[in-house]
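Student: After the sequence you'll find the predicted model.
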Amino acid sequence: MEEIKIPDYKKIRVIIDTDAACEADDPFAIVQALLSPKLIVKGILAEHFNEKGSVARSYEEILTVIRAMGKENIPVLMGQDGRLDQDESVSDAASFIIEEAMGGSCPEPAENESGSPSSAGFCAGNSATEAAACRKSNPAPWDEKPLYILCQGAVTNVAMALRQCPAIKDKIIVIWIGTHGTASFASSASVTGSFACATGSTSSACCGVASTSGAGTSDAAGSTSATDGFASCSPECASSQMGGFPGKPAPYREYNAGNDIAAANELLESGAKVWLIPSYVYKMINVGLAELKCKVAPCGDIGRHLYENMVSYNLSERAGWTQGESWTLGDSPAVAVAINPECGTFITVPAPHISNDTDSVFKADNPLVREYTYIDSRYVLEDFFTKLSLNYPTHYE
């Protein structure tokens, strides 16, 4: 098939971080990412899912997927062998994130004119002029565009990379399928980005105007600036919009955040650009097994694997939580948002603190994050189905 052409300057570097063997939706997202010409997939990282040996199982499933696609040239790396408190070594995955974000190893902090450490990293001179001259003579793609990390499980690998090299926070955008978010707990929140204050009014004066797609002030990376959203939000008002107050417990244990709560909070508090796709959004990407049998199973070795893997998991004891003849492709929105950040609506909110039961609670001074409140499921699913059929034409046995 002739590849759909897009301008090179619109392409973005991507790393996929996935607990691919934990259930059946991750492989769908991997395939969609690898078939998207906008995404330059630099590597795929295996993520644990809080079970012994789970990172190795994720690694093997990733290999199975890329072999079935005929894309064995994609680097696949082993991640942390458990939660941050279980594995303090630095995995190949964490090192890979640092290398891709920084264009090499983590630089030693340079000192600025006052003698204090600078986060400028490479090309950090004693003056702005020297730094500019260095960048001009050493152009590098990692200086021009952020590295997108699509997280489809726990965020242990990213958190370890941030521990080892905090400077990467200015070089990455993390799109995370995880947490219960904040808007789901607001009594009068709407997808338009308007929040109700504790008084019950819908005025935006209380916590500022939360940004939606296509609105607000954005930088080159598409992240909303701190002047939008909750910039003037009082802790009392923000807390009234979020989880963590009496009578508003987590509806259930959110799997991805719950698999490493410490890592979740380290990421959310790091200051890195984070785009959250919370549970009340990702659970809406629903598809029937009959549709998958018609649209996916006939599409070569990879289509057969995706479908048979789904059916096999659905028949297993691990799938007691599913509806029986349908599935949620909950990891796919991370790919869709990377391709088109405006395929849904979003708000700008203080990053939630994740409690032990995966509730979202207010924490003073947490940085702002983007939280998607809606994703166009038609776009997500049709983009996947069409790319699969174009690249692996259907055949029926």
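Tutor: Perfect, thanks for sending it.

Student: show me where this protein has helices.
Tutor: Along the chain, counting by DSSP state H, helices occupy 26-34, 54-69, 92-102, 128-137, 141-144, 156-164, 235-241, 255-258, 261-268, 279-282, 289-295, 300-314, 332-339, 377-391.

Student: Could I get these in TSV, plus columns for mean pLDDT?
Tutor: Converted to TSV, these look like this (pLDDT from 0 to 100):
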stretch	mean pLDDT
helix 26-34	98
helix 54-69	98
helix 92-102	97
helix 128-137	45
helix 141-144	54
helix 156-164	98
helix 235-241	46
helix 255-258	96
helix 261-268	98
helix 279-282	96
helix 289-295	96
helix 300-314	95
helix 332-339	98
helix 377-391	97
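
Student: And the ones you listed: which comes nearest Ile44?
Tutor: Closest approach to Ile44 among these is made by helix 54-69 (5.2 Å; Cβ to Cβ). (Glycine included, C-beta is placed from N, CA and C.)

Student: ok so, going back, out of the helices of the chain, nearest to Asn366?
Tutor: Nearest of the helices of the chain (Cβ to Cβ): helix 261-268, 6.7 Å.

Student: Pro107 contacts Ala167, doesn't it?
Tutor: Yes. Under the criterion of Cβ atoms under 8 Å, Pro107 makes contact with Ala167 at 6.8 Å.

Student: The residue nearest to Ser36 when sequence neighbours are not counted: what's it in contact with?
Tutor: Residue nearest to Ser36 in three dimensions, not counting chain neighbours: Ile339, with 5.5 Å by Cβ to Cβ, 6 or more residues apart in numbering. For Ile339, the contact set (Cβ atoms under 8 Å, 6 or more residues apart in numbering) comprises 36, 38-39, 383.

Student: Could you export these as JSON lines, including neighbour count and distance to Ile6?
Tutor: Below are the contacts of Ile339 laid out as JSON lines (neighbours: other Cβ atoms under 10 Å; distance: Cβ to Cβ, whole Å):
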{"residue": "Ser36", "neighbour count": "22", "distance to Ile6": "10"}
{"residue": "Lys38", "neighbour count": "15", "distance to Ile6": "6"}
{"residue": "Leu39", "neighbour count": "20", "distance to Ile6": "10"}
{"residue": "Asp383", "neighbour count": "20", "distance to Ile6": "14"}
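
Student: Of the helices of the chain, which is nearest Leu150?
Tutor: Short answer: helix 332-339, nearest of the helices of the chain by Cβ to Cβ, at 4.3 Å.

Student: what's the spacing between the residue nearest to Ser36 and Ala33?
Tutor: 9 Å (Cβ to Cβ, to the nearest Å).

Student: With Asp170 instead?
Tutor: Distance of Asp170 to Ala33, given as Cβ to Cβ: 24 Å.

Student: Neighbour count: these two, which is higher?
Tutor: Neighbour comparison, Asp170 and Ala33: the larger count goes to Ala33, with 28 against 14 (by other Cβ atoms under 10 Å).

Student: Alright, I will stop here.
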